[in-house]
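S.K.: Model the following, please.
(one chain, ligands or ions: 1)
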Amino acid sequence: MIIGNWKMNTARADALALAEAVANMRHQDSTRVGICPPALWIDPISQVLEGSSILLGAQDCIGDQFGAQTGCINAAMAADAGCSMAILGHSERRARFGETTESLLPAVAAVLETGMFPVFCVGETQIERESGRALDVVAEQIRPLLSVGLDISGMVIAYEPVWAIGTGLSATRLDIEEMHATVRDVLGRADALVLYGGSVSPESAEDVFSAEGVSGALVGGASLNADKFAAIVAAWERK
Ligand code: PGA
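M.R.: Coordinates of the predicted model:
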């Protein structure tokens, strides 16, 4: 699975053109490819993607029912607009808006309830990695998901070391393998889909995908360029 996270990028015309290019991209049936544009462009892009195999996702949503929540979108709205997934708990939202796995549980439940799947992000900071706590930090970010009786078998986890996001840095193959194995251990599911994210590019993709246990990638910056995104998909399919 290769998912593009466009973050707060693209003017409307650029977004539609990029979605069109992704829709026309070739990929194997066995590779699931998706894009998560800014919320305002989800609806027009759902029309661009009609008839294509590209999955559409929201970058975030909240778990509340409809009501007085200025500026928010809920899971039902995202699903209604054509999304089949929602990124939750991205480190940029954890850092800026204080989101935690505990505070995200209603959103996880709401996303699952709509039939969408969450792409749930976890990852350690540089200080946590340097102090040898990376595995514990990520395990702690996952454990609350297991405590509330949700059926999270359809959930996708994205392991994104915070220090690798947008920096051009990448975790080593061994660190990726160790972390992905830890994520599956904590989940208790050997078959869980665990993506890697953080500066995945056409240049780094081959290395990242050679790590055992990587189920694909969550791609930020490189997903804003259709050729680079296609090259990452191609690297996955060559592996
Ligand atoms: P990046 O972002 O590929 O630009 O590092 C990845 C992400 O934050 O999902």
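S.K.: what's the burial count for S84?
M.R.: Neighbourhood size, S84 [other Cβ atoms under 10 Å]: 16. Any C-beta I mention is one placed from the backbone N, CA and C, and that applies to glycine too.
S.K.: May I have the phi/psi pair for it?
M.R.: When read as degrees, to the nearest 10, the backbone of S84 gives phi -110, psi 0.
S.K.: quick one: it and G57 touch, right?
M.R.: Yes: S84 is in contact with G57 according to Cβ atoms under 8 Å; the separation is 6.8 Å.
S.K.: can you list residues touching both of those two?
M.R.: Here S84 and G57 share the contacting residues G34, M116, scored by Cβ atoms under 8 Å, 6 or more residues apart in numbering.
S.K.: can you list the residues of this structure near the ligand?
M.R.: Listed as neighbours of the ligand in the chain under the rule Cβ under 6 Å from any ligand atom: 5, 160, 165-166, 197-200, 218-222.
S.K.: Going through those residues, which ones are buried?
M.R.: The neighbour count (16 or more other Cβ atoms under 10 Å) marks N5, E160, I165, G197, G198, S199, V200, L218, V219, G220, G221, A222 as buried among the residues of the chain next to the ligand.
S.K.: Now do the contacts for the residue nearest to T125 when sequence neighbours are not counted.
M.R.: Using Cβ to Cβ, 6 or more residues apart in numbering and skipping residues adjacent in sequence, the residue nearest T125 is V162, 4.7 Å away. V162 makes contact with S91, A95, G123, E124, T125, Q126, according to Cβ under 8 Å, 6+ apart.
S.K.: V138 is in contact with the fourth one, correct?
M.R.: Yes: here E124 reaches V138: they are 6.0 Å apart, a contact under Cβ under 8 Å.
S.K.: quick one: pLDDT of the residue of the chain found nearest the ligand?
M.R.: The nearest approach of the chain to the ligand comes at G220, 2.1 Å away (Cβ to the nearest ligand atom). G220 carries a pLDDT score of 98 in this model.
S.K.: Distance of the residue nearest to N24 when sequence neighbours are not counted relative to P37?
M.R.: Distances taken as Cβ to Cβ, 6+ apart put S52 closest to N24, at 8.0 Å, once the chain neighbours are dropped. In this view, S52 and P37 are 14 Å apart by Cβ to Cβ, to the nearest Å.
S.K.: When these two are compared, which one has more neighbours?
M.R.: P37 (29 against 15).
S.K.: Enumerate every residue touching the closest residue to the more buried one other than its chain neighbours.
M.R.: Nearest non-adjacent residue to P37, counting by Cβ to Cβ, 6+ apart: W6, 4.9 Å away. Contacts of W6 were listed using Cβ under 8 Å, 6+ apart, and they are A15, L18, I35, C36, P37, P38, Q59, S223, L224.
S.K.: Inside strands: which ones of the residues you listed?
M.R.: Among these, the ones falling in strands (DSSP state E) are I35, C36.
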